[in-house]
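**Student:** here is my input; please provide its structure:
(2 chains)
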Number of protein chains: 2
Amino acid sequence: MPSYTAPTKDMQFVLHEVLNASQSGIPGYEELDRDFTAAVLEEAGKLASEVLMPLNAVGDTEGCVLENGVVRTPTGFKAAFDQMRDGGWTALDCDPAYGGQGLPYLMNTAAMEAFVSANMAFNMYQGLTHGAYSAIAAHGSDEQKQTYLPNLASCQWTGTMNLTEPHCGTDLGLMRTKAEPQADGSYKVTGQKIFISAGDHDLAENVIHLVLAKIPGGPEGIKGVSLFIVPKFLVNGDGSVGARNGVSVGKLEEKMGIHGNATCVMNYDGATGWLLGEEHKGMRAMFTMMNEARLGVGLQGYAQAEAAYQNAVAYAKDRLQGRAVTGAENPDGPADPLIVHPDIRRNLMDQKSFVEGARAFTYWGAQMIDRAHRLDDNAADGLISLLTPVIKGFQTDKGFEMAVAAQQVYGGHGYIEEWGMSQFARDARIAMIYEGANGVQALDLVGRKLAMDGGKHVMAFFALVKDFISESKGQDEAFDRDFLEPLKAASKDLQAAGMYFMQKGMKNPNAALAGSYDFMHLFGHVCLGLMWARMGLAAQAALKAGASDAAFYETKLATGRYYMARQLPMTRTHLARIESGAETVMALSAENF
Amino acid sequence: MPSYTAPTKDMQFVLHEVLNASQSGIPGYEELDRDFTAAVLEEAGKLASEVLMPLNAVGDTEGCVLENGVVRTPTGFKAAFDQMRDGGWTALDCDPAYGGQGLPYLMNTAAMEAFVSANMAFNMYQGLTHGAYSAIAAHGSDEQKQTYLPNLASCQWTGTMNLTEPHCGTDLGLMRTKAEPQADGSYKVTGQKIFISAGDHDLAENVIHLVLAKIPGGPEGIKGVSLFIVPKFLVNGDGSVGARNGVSVGKLEEKMGIHGNATCVMNYDGATGWLLGEEHKGMRAMFTMMNEARLGVGLQGYAQAEAAYQNAVAYAKDRLQGRAVTGAENPDGPADPLIVHPDIRRNLMDQKSFVEGARAFTYWGAQMIDRAHRLDDNAADGLISLLTPVIKGFQTDKGFEMAVAAQQVYGGHGYIEEWGMSQFARDARIAMIYEGANGVQALDLVGRKLAMDGGKHVMAFFALVKDFISESKGQDEAFDRDFLEPLKAASKDLQAAGMYFMQKGMKNPNAALAGSYDFMHLFGHVCLGLMWARMGLAAQAALKAGASDAAFYETKLATGRYYMARQLPMTRTHLARIESGAETVMALSAENF
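**Tutor:** Have a look, this model is predicted:
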């Protein structure tokens, strides 16, 4: 059975030594001193290890069950959900006006990492609720806020997002669900939505569905889509839970993973709903939550890899098999532990260097979101909009790949469900698909974000990397060679790719889009390279200052060197693919596939 | 529900236009003319599409069940197995003296591809039987051959391979199962074996286990391991099935995939067995089957990707979502099919170019095995020994990756089990693990095969590539540029990596082993590059000769160009990783992971 311990020391390192959280001048960040964040992360880690992790396999094995139209969650989920709610974990960064703790999103992100590592399917119930909270907080009327936000913040009620229909996922303009206006200002919502995570369950007393639908007579396509609040149970005037609304679970999907989360077909049959935000501006309302939601999915990618990695390391130290090629390291035992073998180390270092780099990238992203919201910083807002598809797409692809790599360390046992490594891979797989499949992230990045605001944000990113390199170099020859030079080379590859798109994409948009996926990965490597250079610098500073825990910082430097030497060279292959253009990609007519 | 059609035209192209099977001068190959192989492949394809494919999801959903100590296979498996047996498909390349058809292994390989694509779990029952057949054919006494081979060839009885024990997989020297000699020349076998595929089932009247065990008093470690024949039911003097032997199923494993195949814990409790081959030479006996078995697993990698690809293509043509960036291609419909989008094409071309390249590589490997066996060709034997870990390791890694890529085309539907794409990925995953995990393949390649016979075989491979290039070039400028130059560059990367190992590996074996996995993949890309150049040449020749089906050959050329432009650039990243050496890989002490 796998175990999990929150890597609080690594988390603290990023928060304080890389991001300098409490010194960053963002309102609310002054609270985030070392002791405070340590206390929060310790407690979150405890809940994750002791309560959520033991339920991870239970959720996978039992799954959710649809009985008499109501979803029953796996054994133990309800008690754990109560515990999470009672501990205030669902409202860390919610508005104190609605019962939240008002902490920065960065703090919420770090705490969530532990919950997602320990039990991704379970944490989705509150993750989706947080999304609904944010949408209503941003677009709701005062009355809607009063009615829904306190109960969503506390997870007395949970929330969902209803976008997809059987015939449309990415292309929501094809939507058929309709919302007919009623005399009392409400709407009757009718249609079928699919893939609704946490669509129904027994963890809370009400489920607040946010539903995209078309008001008849509105504009065609995506411009005629509006967003509605459709509660499972109508809410009485006094705020209490009232009559059952016309929404029901049509089916519970059998999935590859995240069995502990109920993925529902939801049928709306003249259900009563209320417009959230403006008519026909439903997509805009959805998109305001997108950066956070996608960052949350990018977090799932590396958080699952972290949990898988921890178990792979334990197995590699424990399992005796073969002898080190340079001579026995466990001469008194029947064999050496797996971890002596170079290829096992290569595998583990791939995982470790990815996970730690991705953590820094994600926390940095969360800090940018706070900067955008709390300082109205447009530059931060633009930069995180640019980087969001990279965080989502790159980190979930790599997170899955690394969970598969961790599974591989177990040999045959990795394929047996009992050992738990298969679940990490199966659960991680969904993150590449939902919240916009990764191909759509690449399209968003290259087709929209690169050119946004005249290309200002990507230029800002290049300037940021350049400035970082010029400010950091010349102090330590080895650091320049091991960290800054590879980062510079990778960044040049990224710029060359951007240049290629500018030159060719004008004439032939396919030339850019054929390279979009490689560009997303190239960008991801440069970001993780930047993160490792920043972490390396922080580690060196700590060592120079005589930090007591030298091994910790030496390990950071060694792991960073690995990433630079072994992962960053991927940028040249991505660039070569991009520069090969669209011709070979588009050559075949459809019937020749 | 997924479907599958055997790609007989692609198979025929490789057999006849690339490998020139019937002209290759290998005894038995003269039978393999176009009409004959077409007839065999048509029939195999029919069985695969009509009988095996519909059972693929059944096998996954129902799985095997252990009832009263006996394994029950999924609904329909028994009837399908009878049909496969009655059609003579289990004995295509078996010795006519034992009821086989005596066809080349190449023919068997091509037919098996269709069965594996359609239902990998099902085909393993006969695949493992074939392995047992080969072992007894190579090492058995005349009496053993007479007793077992006819029934194994026909699959009246099936076979298993028993290597792994709970505490040892790769490191079989740690084995504890013992075989105590009896007065009558038999042995009493006692111990526990795990991960025994097809360990028990209801498809045949007997199961013939080949079991590795130690004879007490023999040499320590791997040198004291012998191989035994241990039938589930003892065989009477007249060849009929007799009393139950002391072997039983301890447990049926719950796995990530291949649910239709029974993976058993087998308990041997003083079971009667007979020595196969010589005492203490069990590993050698096992290894004689290794090239074939590993090639068979490498085939599973691309065969699963082929089935997944076919369904991804169908979905991409059918599903309407979004508009082509260059203007609507389905203006009368609500949206364009997915296949118009460049990133969907990139994904499909990745799959297509891999699968077709891997097919050629695998058939070429099978031809080398025939050459080695039927012509006693040591050069072919050496070359296929070198390439076997590449076929197994590279193709199963890529095959899984491509099955995951095919799943991605389906978006959310890819994650729902009902659509069947998850199964391809879950089933393909095992091929990276069994028959020697891929890290062990890389170790075998770099630690053993490169230096085998003084490095003669790798030098022969380089010479082969070089000769091919110099013989092919200068006829067509575009071909030289698109095919030969990328192949040459990739081959140079491979040589540079080999040189690096030679120079550094002497002093520090870790320097070679830290790069072993990248070397295996680098080698794989060069092999597929070579295959694509050969296929491109064949396609050009057909076009020049005025072939009627020009689109088929143009598609081959376009797909080859894609591989060269988009996949082959991976060699430079693999080389960069290899040349970064062991330092970053081995830097951490175990406690710092």
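
**Student:** when you work out contacts or count neighbours from here on, use the C-alpha atoms and nothing else.
**Tutor:** Noted.

**Student:** tell me where the stretch 1-150 of chain A has helices.
**Tutor:** The residue ranges that make up the helices of the stretch 1-150 of chain A, judged by DSSP state H, counting those that start in this stretch, are A:8-12, A:34-47, A:53-62, A:77-86, A:105-118, A:120-139, A:142-153.

**Student:** in chain A, what secondary structure element scores lowest on mean pLDDT?
**Tutor:** Comparing every helix and strand of chain A by mean pLDDT, DSSP states H and E singles out helix A:282-287 as the least confident one, with a mean of 87.

**Student:** and that one, how far from the chain's centre?
**Tutor:** 19 Å (CA atoms, centre = their mean, to the nearest Å).

**Student:** also stretch A:552-572?
**Tutor:** So, by CA atoms, centre = their mean, the centroid of stretch A:552-572 is 23 Å from its chain's centroid.

**Student:** let me see the mean pLDDT of the longest helix anywhere in chain A.
**Tutor:** Longest helix in chain A, counting residues (DSSP state H): helix A:342-375. Mean pLDDT, computed over helix A:342-375, is 98.

**Student:** angle of it against helix A:105-118?
**Tutor:** 150 degrees (axes from the mean of the first three to the mean of the last three CA atoms, to 10 degrees).

**Student:** in helix A:342-375, what counts as buried?
**Tutor:** A:342-373 (16 or more other CA atoms under 10 Å in any protein chain shown).

**Student:** tally up the residues packed near A:Gly237, please.
**Tutor:** Counted with other CA atoms under 10 Å in any protein chain shown, the neighbours of A:Gly237 add up to 9.

**Student:** for it, give its distance to A:Phe122.
**Tutor:** 32 Å (CA to CA, to the nearest Å).

**Student:** which helix or strand contains A:Ala243?
**Tutor:** strand A:241-244 (DSSP states H and E).

**Student:** helices or strands next to that strand in the packing?
**Tutor:** strand A:233-235 (3 or more CA pairs under 8 Å, 6 or more residues apart in numbering or on different chains; DSSP states H and E).

**Student:** try 10 Å
**Tutor:** If you count contacts as 3 or more CA pairs under 10 Å, 6 or more residues apart in numbering or on different chains; DSSP states H and E, strand A:241-244 packs onto strand A:206-214, strand A:233-235.

**Student:** of all those, which lies closest to B:Leu174?
**Tutor:** Set against B:Leu174 and scored by CA to CA, these come closest in strand A:206-214, at 56.1 Å.

**Student:** where does chain A have low pLDDT?
**Tutor:** Filtered on pLDDT under 70, chain A yields no residues whatsoever.

**Student:** count of neighbours near A:His167?
**Tutor:** Neighbour tally, A:His167, other CA under 10 Å: 16.

**Student:** ramachandran coordinates for it?
**Tutor:** Here is the backbone geometry of A:His167 (degrees, to the nearest 10): phi -100, psi 0.

**Student:** ok, it to B:Ala314 distance?
**Tutor:** 16 Å.

**Student:** who are the neighbours in contact with A:Met421?
**Tutor:** A:1-2, A:307-309, A:311-312, A:403-410, A:413-415, B:256 (CA atoms under 10 Å, 6 or more residues apart in numbering or on different chains).

**Student:** need the three-state assignment for the residue of chain A most remote from its centre.
**Tutor:** Largest separation from the mean C-alpha position in chain A: A:Asp332, at 45.2 Å (CA atoms, centre = their mean). Judged by DSSP: H, G, I helix; E, B strand; the rest coil, the three-state class of A:Asp332 is coil.

**Student:** so where do the strands sit in chain A?
**Tutor:** A:65-67, A:70-72, A:157-162, A:178-181, A:187-197, A:206-214, A:225-231, A:233-235, A:241-244, A:247-252, A:263-275 (DSSP state E).

**Student:** kindly reformat those strands as JSON lines containing mean neighbour count.
**Tutor:** Putting those into JSON lines (neighbours: other CA atoms under 10 Å in any protein chain shown) gives the following:
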{"stretch": "strand A:65-67", "mean neighbour count": "15"}
{"stretch": "strand A:70-72", "mean neighbour count": "18"}
{"stretch": "strand A:157-162", "mean neighbour count": "26"}
{"stretch": "strand A:178-181", "mean neighbour count": "21"}
{"stretch": "strand A:187-197", "mean neighbour count": "23"}
{"stretch": "strand A:206-214", "mean neighbour count": "26"}
{"stretch": "strand A:225-231", "mean neighbour count": "28"}
{"stretch": "strand A:233-235", "mean neighbour count": "19"}
{"stretch": "strand A:241-244", "mean neighbour count": "14"}
{"stretch": "strand A:247-252", "mean neighbour count": "20"}
{"stretch": "strand A:263-275", "mean neighbour count": "22"}
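
**Student:** which residues of the stretch 351-500 of chain A lie near chain B?
**Tutor:** Neighbours of chain B within the stretch 351-500 of chain A, by CA under 10 Å from any CA of the partner chain: A:352, A:401, A:404, A:407-419, A:421-423, A:425-426, A:429-430, A:432-440, A:442-443, A:447.

**Student:** likewise for the stretch 101-250 of chain A?
**Tutor:** Counting by CA under 10 Å from any CA, the stretch 101-250 of chain A sits next to chain B at A:164, A:166-174, A:194-195, A:221.
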